[in-house]
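In: Here is my input, please return the structure:
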Amino acid sequence: QVQLVQSGGGLVQPGGSLTLFCEASGFTSDYYEIGWFHQAPGKDREGIAYISHSDGDTYYNDSVKGRFTVSKDNAKNMVYLQMNNLKPEDTGVYFCAGGAAFATSEDEFDYWGQGTQVTVSS
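Out: Here you go, the predicted structure:
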């Protein structure tokens, strides 16, 4: 079955960098999307970055564009979220999720990682 296992995260100072990892396995088709979602304390989960497994096309929410980069290594079943120039408002729980091709909204993603905490604070 499909499994998404996350790692990475932690505490970082403003302006710092972190990388999040998502091992995605069990997909039976090459045509799926991996999304990264951010849930800030007390707020709804929000999609911030997406990557197509088949062709590597990426899409970013304006809040992270230019600071975050999503990438993948198909041979390792890994998807990465490189986060640079982190801000206190980036604090929260980050989830990777798997959905059908071109999925962007939360309800289009059927499979979810366990979430990982990122705290940006001095």
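
In: Residue 7 contacts residue 116, correct?
Out: Yes - contact criterion CB atoms under 8 Å: residue 7 and residue 116 qualify, at 7.0 Å. Any C-beta I mention is one placed from the backbone N, CA and C, and that applies to glycine too.

In: More neighbours: these two, which one.
Out: residue 116 (19 against 13; other CB atoms under 10 Å).

In: what residues are up against that one?
Out: 6-9, 20, 93-95 (CB atoms under 8 Å, 6 or more residues apart in numbering).

In: Now it. Nearest residue, chain neighbours left out?
Out: Nearest in space to residue 116, with sequence neighbours left out and distances taken as CB to CB, 6 or more residues apart in numbering, is residue 9 at 3.7 Å.

In: Which among the contacts of residue 116 count as buried?
Out: Buried members of the contacts of residue 116, scored by 16 or more other CB atoms under 10 Å, are 6, 8-9, 20, 93-95.

In: Select from the residues you listed every entry located in strands.
Out: 6, 8, 20, 93-95 (DSSP state E).

In: tell me which of those is nearest to residue 77?
Out: Nearest to residue 77, judged by CB to CB, of these is residue 6 at 12.9 Å.

In: need the contact list for the residue in the chain sticking out farthest from the centre.
Out: The C-alpha centroid of the chain is most remote from residue 122, which lies 23.6 Å away (CA atoms, centre = their mean). Neighbour list for residue 122: 13-14 [criterion: CB under 8 Å, 6+ apart].

In: swap in residue 54?
Out: So residue 54 contacts 30-32, 101 (CB under 8 Å, 6+ apart).

In: any chance of these in TSV, with neighbour count, pLDDT and distance to residue 41 too?
Out: Output for the contacts of residue 54, formatted as TSV (neighbours: other CB atoms under 10 Å; pLDDT from 0 to 100; distance: CB to CB, whole Å):
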residue	neighbour count	pLDDT	distance to residue 41
30	11	83	36
31	12	88	35
32	21	91	30
101	15	88	32
